[in-house]
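A.B. asks: I need the structure of the sequence given here:
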Amino acid sequence: MKVICILFFCLISLFSYGQTELIDSLQNILKNKPDDSTKASILGDLCWHLKYSDPPKALEYGYESIQISKENGFQALQAYASNNIGVVFWAKSDYDSAAYYLDRTRELYTALKNERGVAVTSVNLGLILQNKGDYDASLKYQLEALRIVNKLDDQGLKGSVLTNIGNVHFLNEKFDKAKTYYFEALEFKKSLPDDQFRQNLQKTLLNIGNVYDRLDNQDSAIYYFQEALPYAINANDSKSQALIYTDLGHAYSKKEQYSLSSDYFKKAVAVYTEGNYENDYDQSILLWSSAQNELRRKNIPAAIKLAEQSLQLSKKLENLNRLKDSYGLLAEVYEANNQFGDALQAHKFQKVYEDSLLNIETNKEIAELETKYETEKKDQQIVLLDQENSIQQATNQRNFIIIIALFFVLLLLLLVFYLWRKQSRISQQKVLSEQKTRLREAQIQAVISSEEKERKRFASDLHDSMGQLVSALTMNIQGLKNTSNDPLVRNEIVDNSTVLLNDIQREIRNIAFNLMPQVLTNEGLIPALQELIARINKSNQVNAKVQVFGIDSRLNEVFEISLYRILQEWVSNILKYAEASELLIQFTAHEDEVIITVEDNGNGFDLNTFENSKGNGWRNINTRLNLIKGSMDIDTKHGRKNTMLTITIDKSLAFKTPQVEMNT
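C.D. replies: Numbering: from 1, shown residues only. Just a heads-up that it's a prediction; the model follows:
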């Protein structure tokens, strides 16, 4: 006996004659780094198109599409990818995983109020239940899908739903009813325009052929199988091709044309072995049919091997019908090979699974009888309940009043709770706003204090250094008036004035360097730091170095100024407090970030004390670091030598042209 389950999914696949070219085209679009929406959509398409030919890769694309869709809130694309992953698991006969993703798809489409999406998912869930042998639940899903399809007048989906309903009746061995739905689906599809006419037509023809096969009309069955084959090949439908070859082999075997039957079975095997299609359920039927053919042609060893392979797949599927049929055929094969003990054992297992199926049907009948009994019992009780209703009515009215009162009390409590929560939320927002305001004020104060500090230092430098030099120069110039005409004396005064002017020029350059090094403006951050280090090295107290790896161009102005001021502040602290003799500044550019480290061999310090200090240095560093969206890590400890500062900045931001100029 041959049991064939034809499963359909209602998503109309947009296969064309150039399937490979389509997949290559989609993959090329991904290489061009499209936006997230396009990328998620293309990954979902690739998951669908590779569901039979490369299931692992299909799942990889599907998972990535779901992740991108979740991150960006693309619910429709997430539902699309989730549905396609469910189809891939179905094709791999992993029905539990398939049901999980399709249930999730149904939830998403329901939330989106996408009725067609709900219909498609209902069809797919029905097909999974069909494969698991729960035909009543499967039919429920298919009829729900048909109701939605008729409401939407969705011609592209209606033919497939009609076919699926026919499949459920077929599996329940209601062949006349199944044939009615199949021919209705066929006529409906033929009424569509040519561009839609051939979509999944091979599956409807295949189903009609199966009905005739079960009715032992092999000639009609072969006619419809052969009519379906070209459509399956043109659509690149590997699943239908494998099923058609299997069914043709089975039909010719029943007509005792065993060689021709064997040829078709080999073609079906080729579809599986070439990796074009993978489905344990369909393959178990192919092995079962091939074993039956070899048994009929008296090739017992081959029949035993194929029957045992079919049984192994049936065990993996845990499908009662497949297990019953596999053990039944194995009993026949063992008996033909005079293995009577093994045949008896196989027959016992066949009986066990046959009884299990019968128990399922019996339990359904018992449940129906119990329901009928309970209904009659309730009808008898209605008379008694009517008599009690008058007594209960007064009690019910009183209870109703109590319930209404409790309801209003509960409503009042909910209102109070809502107002309390609202007030609490407002208070929290107010506190958060005040904290943000204080933080901004602290940052502004740090910048102002830093600027005031610079102004004071600038004024002090001008007063202490420049003032003295200018006074001395003024005295020399006055001396020219009072001196005699002695050329030696006048020349000495001129020489002294020249020295003073050179000192003034050098002081002006030092003050200007501290305010804003010209080399920073003209040449960039690295040369400015190198000049700063060169000035430090002239003291012969610290050996300082700057090393650069992977940076060939200048950073944008905001980053250069901010990093220079941060490093200048940090180096100044090292020179003042750390008593260091070695100082190393390193710039290292990676693929996505730039890392700056400052290492010294001086004394460490208490990091908590530094971070909680009231000085402007720490706040100034933080303010500038926040400005360039950088992060900072300090490795130090009080009483320990060697301290390292690590600054990390985004490379794409650092080399990007700034939109506004920074006031330093």
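A.B. asks: Would you mind pulling the contact partners of stretch 129-142?
C.D. replies: Here stretch 129-142 makes contact (C-beta atoms under 8 Å, 6 or more residues apart in numbering) with 5, 7, 90, 93, 95, 122-123, 125-127, 161, 164-165, 167-168, 171-172, 281, 319-321, 364. Bear in mind the C-beta positions are built from the backbone N, C-alpha and C, glycine included.
A.B. asks: What about these, which are in helices?
C.D. replies: With DSSP state H as the criterion, helices contain 90, 95, 122-123, 125-127, 161, 164-165, 167-168, 171, 281, 320-321, 364 from among these.
A.B. asks: Whichever of those residues end up buried, select them in ChimeraX.
C.D. replies: Per 16 or more other C-beta atoms under 10 Å, the buried members of the ones in helices among the contacts of stretch 129-142 correspond to this ChimeraX selection:
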select :90,95,122,123,125,126,127,161,164,165,167,168,171,281,320,321
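A.B. asks: give me the low-pLDDT residue ranges for the stretch 101-250 of the chain?
C.D. replies: Counting by pLDDT under 70, the stretch 101-250 of the chain contains low-confidence ranges at 194-199.
A.B. asks: As a check, name the ranges of all helices in it.
C.D. replies: Ranges of helices in the stretch 101-250 of the chain, per DSSP state H, counting those that start in this stretch, are 115-131, 135-152, 155-171, 175-190, 194-197, 201-214, 218-234, 238-254.
A.B. asks: Tabulate those helices (JSON lines), appending distance to Ser82.
C.D. replies: Output for the helices of the stretch 101-250 of the chain, formatted as JSON lines (distance: least, C-beta to C-beta, whole Å):
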{"stretch": "helix 115-131", "distance to Ser82": "9"}
{"stretch": "helix 135-152", "distance to Ser82": "17"}
{"stretch": "helix 155-171", "distance to Ser82": "19"}
{"stretch": "helix 175-190", "distance to Ser82": "27"}
{"stretch": "helix 194-197", "distance to Ser82": "26"}
{"stretch": "helix 201-214", "distance to Ser82": "24"}
{"stretch": "helix 218-234", "distance to Ser82": "27"}
{"stretch": "helix 238-254", "distance to Ser82": "21"}
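A.B. asks: Between those, which one is closest to Gln530.
C.D. replies: Checking these against Gln530 by C-beta to C-beta gives helix 115-131 as the closest, at 63.3 Å.
A.B. asks: And that closest one, how far out from the chain middle?
C.D. replies: 23 Å (C-alpha atoms, centre = their mean, to the nearest Å).
A.B. asks: Just the C-alphas of it, formatted as PDB.
C.D. replies: Provided in PDB are the C-alpha atoms of helix 115-131 (Å, rounded to 0.1, in the frame of the first residue of the first chain):
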ATOM      1  CA  GLU A 115      -4.500  39.400   6.800                       C
ATOM      2  CA  ARG A 116      -2.800  37.900   3.800                       C
ATOM      3  CA  GLY A 117       0.300  37.200   5.900                       C
ATOM      4  CA  VAL A 118      -1.900  35.500   8.500                       C
ATOM      5  CA  ALA A 119      -3.500  33.400   5.700                       C
ATOM      6  CA  VAL A 120      -0.100  32.300   4.300                       C
ATOM      7  CA  THR A 121       1.200  31.400   7.800                       C
ATOM      8  CA  SER A 122      -2.000  29.400   8.500                       C
ATOM      9  CA  VAL A 123      -1.500  27.400   5.400                       C
ATOM     10  CA  ASN A 124       2.100  26.600   6.300                       C
ATOM     11  CA  LEU A 125       1.200  25.600   9.900                       C
ATOM     12  CA  GLY A 126      -1.600  23.400   8.500                       C
ATOM     13  CA  LEU A 127       1.000  21.700   6.300                       C
ATOM     14  CA  ILE A 128       3.200  21.000   9.200                       C
ATOM     15  CA  LEU A 129       0.300  19.500  11.200                       C
ATOM     16  CA  GLN A 130      -0.500  17.500   8.100                       C
ATOM     17  CA  ASN A 131       3.000  16.000   8.000                       C
END
